[in-house]
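*Asks:* Here's my sequence, what's the structure:
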Amino acid sequence: MPDSAPPPKKAAKPSHAEEVKQSSRWLRGTLAETLADPTTIKFVEDDTTVLKHHGIYQQYDRDTATARKKQKLDKEWQFMVRLRVAGGRMTPEQYLALDELAETRANATLRVTTRQTFQFHGVVKGDLHPLIHDVNRTLLTTIAACGDVVRNVMATPAPVKDAEHETLARVADEISRYFTPRTSAYHEIWVDGEKVGSGDEEPAVEPIYGTVYLPRKFKIAIATPDDNSVDVLTNDIGIIAHFDGETLEGYTVCVGGGLGMTHNKPHTYPRLASPLLFVEPEGLIQACEAIVKLQRDHGNRSDRKQARLKYVVDKQGLPWMRETVEAYAGRAFENPRTLPPFRIKDHMGWHPQGDGRWYLGLPIASGRIVDQGETRLRSGLRQVIADYRPAIVLTPAQDILLADIAEADREAVERDLRAHGITFAEALKPLDQWALACPALPTCGLALTEAERVRQPIVDGVQARLAAHGLENEIISLRITGCPNGCARPYAGDIGLVGRMPDNYALYVGGDFEGTRLSFQLFDKVGQDDIPAVLDPLFSAFAAERQGAEGFGDFCTRMGKERLAGLVRDALPTVSI
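*Replies:* Numbers count the residues shown, from 1 in each chain. A predicted model of the protein is given here:
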């Protein structure tokens, strides 16, 4: 080697999370030992990484932590348990069993997530095993609902009985099953209770994931252009199905979506997936496997903030991605098809299924199924599901669909729900119907401020400003998160509020309702109480200057950041933004 040549670069040291996964014996860690120890109320730090792959986050009540610390008391440790429910579909019997577990093993609520599944909150360590054991008795599972694996696979929610919708639901389930980890650790710890060897004898247990699984979480969704309810382009793999009538022609596969970022770290950013290839129906899982293996081998394992597939795509470029995916698959793929405009359908209210039956969409604020005051949502759903046995579909908008309802039962179903004070979508303005919020405080350890608990006052304040400009019925998506990780997809809607510090949010605008364009940051810090006033000048200009049927996000993009910021500063010279 010439003297002038630079020395070879040392391989970056893997992050601690990688070391934990490597030594976990295929996701065993010391979970079983801790579960069996009645003197502990939480798991050691390394095991919290392993726990996530079993669908569990260790948390504590942040509302009480400071006061308890002053009293020299430990934090109130608890757990969030998330299910893996492909496409959000379950039977009425499964729903009723989960409802019972929410009462006996959690905090008496079920929460619909923005990825079409349920979460239990407030679970204490002693209830973890019986809860997860009984979830599995329903033939549902929690494995790989969290962690560095392919997580819950999303699909267009409408339970319409035609080739298009039934294909998407079936394929989502097939993808989910294919990418479920193979380790026997999950059943050993939570289901059977029987140890299968030491775990050291399973070197080939994970043919897709290998010994350390993926560098970071991995998300897959499937949709059609006619209904992008799943925000398909925000996923690591976004699959768009192309139908000619009832015939499935194949899929355009997009790669590199992902919304997580860190404030003031410009090398982290949200990104929408880019079209990579087109594949025939029978080759879809092969293509997905090749992409997952590419991420397994080329994703950043030293810096978890740079570990998502989107950074591989941007670093290596789409031509390299295509060539490498084809090498993993051992075949060539066609070029991606040109994508037509996307739409998002409204699934709330009554809709025919195409088989003589109906489905009913019910809005659920922040996805929280709970009895609260005169609105006895959980009780009403339990009664109707027990009496009429509808199939269940959870939506990416945190709502619920009751499916397979007979024509003769429609009136009774609606009467029984209304008798419990349950709100129907017709009573909501569009902003309220479409608003999303993550749980944030008091349970999420990443939250910088509130989201779910301030959703309604924020919606009410913004709605009042819309009404003042004659825009009360305008379809606008508002998404609120307590931190920049983006669980409620704040960078992909018309308006995003991203937790910045207590009572303050970064304000994003300019995305489109259909999910094909990211928002841009308008202001870095806006006080919660100032949000309606800051948006008001934008609504005023939108009402006066919109072009045709232009949406609010489209208008903001056309106006640009400088013009919009100027409007706000001129109208609110004394507000700190």
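*Asks:* The spatially closest residue to Lys21 that is not a sequence neighbour and Arg25, how far apart?
*Replies:* Closest residue to Lys21 apart from its sequence neighbours, by CB to CB, 6 or more residues apart in numbering: Val212 at 4.6 Å. Every residue, glycine included, has its C-beta placed from N, CA and C. Counting by CB to CB, to the nearest Å, the gap from Val212 to Arg25 is 12 Å.
*Asks:* Wasn't Cys444 part of a helix?
*Replies:* No - Cys444 sits outside any helix when classified using DSSP: H, G, I helix; E, B strand; the rest coil, being coil.
*Asks:* which residues touch Ser477?
*Replies:* Trp434, Ala435, Leu436, Gly493, Asp494, Ile495, Gly511, Phe513, Gly553 (CB atoms under 8 Å, 6 or more residues apart in numbering).
*Asks:* Swap in 7 Å and give it another go.
*Replies:* Residues near Ser477 by CB atoms under 7 Å, 6 or more residues apart in numbering: Trp434, Gly493, Asp494, Phe513.
*Asks:* ditto for Leu51
*Replies:* Contacts of Leu51 (CB under 7 Å, 6+ apart): Leu31, Phe43, Gln58.
*Asks:* Show me what the host helix or strand of the last one is packed up against.
*Replies:* Gln58 belongs to strand 56-60 when elements are defined using DSSP states H and E. Judged by 3 or more CB pairs under 7 Å, 6 or more residues apart in numbering; DSSP states H and E, the packing partners of strand 56-60 are strand 77-82.
*Asks:* Pull the distance from the helix or strand following the strand it packs on to the chain's centre.
*Replies:* The helix or strand immediately downstream of strand 77-82 is strand 89-90, counting by DSSP H and E. Put simply, strand 89-90 sits 16 Å off its chain's centre (CA atoms, centre = their mean, to the nearest Å).
*Asks:* cool, and stretch 238-257?
*Replies:* So, by CA atoms, centre = their mean, the centroid of stretch 238-257 is 21 Å from its chain's centroid.
*Asks:* so for that stretch, what's the average pLDDT?
*Replies:* Model confidence over stretch 238-257 averages 97 on the pLDDT scale.
*Asks:* now stretch 214-224
*Replies:* 98.
*Asks:* if we can go back for a sec, and of the contacts of Leu51, the nearest to Arg455?
*Replies:* If you rank the contacts of Leu51 by distance to Arg455 using CB to CB, Gln58 comes first, at 25.2 Å.
*Asks:* Not counting residues beside it along the chain, what's closest to the closest one?
*Replies:* With CB to CB, 6+ apart, the residue lying closest to Gln58 is Thr48, at 4.7 Å.
*Asks:* Just the buried positions in the helix or strand that that neighbour is a member of, please.
*Replies:* Here Thr48 sits within helix 45-53, counting by DSSP H and E. Residues of helix 45-53 classed as buried: Asp46, Asp47, Thr48, Thr49, Val50, Leu51, Lys52, His53 (neighbour count, 16 or more other CB atoms under 10 Å).
*Asks:* Just the angle for that helix relative to strand 77-82, thanks.
*Replies:* Comparing the axes of helix 45-53 and strand 77-82 via axes from the mean of the first three to the mean of the last three CA atoms, to 10 degrees yields an angle of 30 degrees.
*Asks:* and the host helix or strand of Ala543, what's its mean pLDDT?
*Replies:* Assessed by DSSP H and E, Ala543 sits inside helix 531-545. The pLDDT scores in helix 531-545 average 98.
*Asks:* Other residues contacting the helix or strand following it?
*Replies:* Using DSSP H and E, the helix or strand that follows helix 531-545 in sequence is helix 552-559. Outside helix 552-559, the residues within contact range by CB under 7 Å, 6+ apart are 474, 476, 494, 509-513, 517, 538, 542, 546, 564.
*Asks:* Quick one: distance of stretch 336-351 to the chain centre.
*Replies:* 18 Å.
*Asks:* Just the endpoints, please. Distance across it?
*Replies:* By CA to CA, to the nearest Å, the extent of stretch 336-351 from end to end equals 33 Å.
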